[in-house]
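J.: Any chance you can model this:
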Amino acid sequence: MIDKSKQLTASLNLVNDRLLFEGQVEGNSPIAIDYIPPFGDNLGYTSLELMLLSLSSCVGSAFLVFLRKQGKIIERFSIKSDGTRRQTHPTALEEIHLYIEIKSPNLTSAEFEKTLAQVESACPVWYMIKDKTKVIFHHQIAS
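T.: The predicted model follows:
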């Protein structure tokens, strides 16, 4: 078995005569990755959609680890994200907004902001994109 803390391996196979791929990481279910028409058939996630999910899950995981270490009770946690694409090629994401909603009876906005500074140093996906893509956080805390 591969030690995922050191080495990651993914496979990608073309499924049709357009741009539909099936991607998989060993031990996980495959996912469909496609592109929008006219090049693809929109039958799966686009690469940039997967980027948003990767960033969201990375940030979310780091937040939850740090908040739980602080003894915070997390009753609900969700992240919605949207990205603004460049209008010229490559059409990378120029700006990403992450909307974090947390239900916690013992978390303040100031504590959230303090934890955000820790998350930036702990999330490898954010680290990889932060010099090229502006990431803006919005949060709402319910008790």
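
J.: ok, the residue lying closest to residue 100 once chain neighbours are set aside - how many residues close by?
T.: With Cβ to Cβ, 6 or more residues apart in numbering as the measure, residue 139 is the residue that lies nearest to residue 100, at 4.5 Å, once sequence neighbours are left out. To be clear about C-beta, it is placed using only N, CA and C from the backbone, and glycine gets the same treatment. Residue 139 is flanked by 16 other residues according to other Cβ atoms under 10 Å.

J.: so who does residue 139 touch?
T.: Residue 139 makes contact with 99, 100, 101, 102, 109, 112 under the criterion Cβ atoms under 8 Å, 6 or more residues apart in numbering.

J.: Do you know the pLDDT at it?
T.: Note for residue 139: predicted pLDDT of 97.

J.: what helix or strand is it on?
T.: strand 134-142 (DSSP states H and E).

J.: can you pull the buried residues of that strand?
T.: By neighbour count, and taking 16 or more other Cβ atoms under 10 Å as the criterion, the buried residues in strand 134-142 are 135, 137, 139.

J.: Then stretch 84-97?
T.: Using 16+ other Cβ under 10 Å as the test for burial, stretch 84-97 gives 93, 96.

J.: what's the answer for stretch 120-132, then?
T.: Neighbour-count burial for stretch 120-132, counted by 16+ other Cβ under 10 Å, picks out 123, 125, 126, 129.

J.: Nearest to residue 25 among those residues?
T.: residue 125 (14.9 Å; Cβ to Cβ).

J.: pretty sure the closest one is in contact with residue 53, am I right?
T.: No. Between residue 125 and residue 53 there is no contact under Cβ atoms under 8 Å: 9.8 Å.

J.: Sounds good, over and out.
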